[in-house]
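**Student:** generate a structure from the sequence data that follows.
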Amino acid sequence: MEEECCIWMKARVVNFKLCNHTSDCLTCPFDRAMSEAWAKRPCGPKQDKEEWIARGE
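**Tutor:** Sure, this is the predicted structure:
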């Protein structure tokens, strides 16, 4: 079975995280926590994770 990288790792927000929700981010507690933290960050470019996925990063 091939392991898939988490979208947060693909976006280079975290150094290493494998997806353990078969790319179903809507049910992933890690994605929920990261999305909330990302929305609260004080500065930096505002990009949605959907943009990262579309770019294939």
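
**Student:** number of residues surrounding residue 7?
**Tutor:** 21 (other Cβ atoms under 10 Å). C-beta: built from backbone N, CA, C; applies to glycine.

**Student:** ugh, wrong one, I meant residue 20
**Tutor:** 10.

**Student:** quick one: residues contacting it.
**Tutor:** residue 28 (Cβ atoms under 8 Å, 6 or more residues apart in numbering).

**Student:** roughly how far apart are it and residue 40?
**Tutor:** 24 Å (Cβ to Cβ, to the nearest Å).

**Student:** next one: residue 10
**Tutor:** From residue 10 to residue 40 the distance is 21 Å (Cβ to Cβ).

**Student:** between those two, who's got more neighbours?
**Tutor:** Neighbour tally, residue 10 and residue 40, criterion other Cβ under 10 Å: the higher count belongs to residue 10, 18 against 7.

**Student:** so the spatially most central residue of the chain, which state does it fall into?
**Tutor:** When Cα atoms, centre = their mean is applied to the chain, the residue found nearest the centroid is residue 8 (2.7 Å). The three-state assignment at residue 8 reads helix, by DSSP: H, G, I helix; E, B strand; the rest coil.

**Student:** going forward can the numbers begin at 42, since that is how I track them
**Tutor:** Taking 42 as the first residue, the last one we looked at is residue 49.

**Student:** run through the residues that contact it.
**Tutor:** So residue 49 contacts 55, 58, 71, 72, 75, 90 (Cβ under 8 Å, 6+ apart).

**Student:** can you list the residues you listed in a markdown table and add neighbour count?
**Tutor:** Listed next are the contacts of residue 49 as a markdown table, based on neighbours: other Cβ atoms under 10 Å:
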| residue | neighbour count |
| --- | --- |
| 55 | 14 |
| 58 | 16 |
| 71 | 15 |
| 72 | 19 |
| 75 | 20 |
| 90 | 17 |
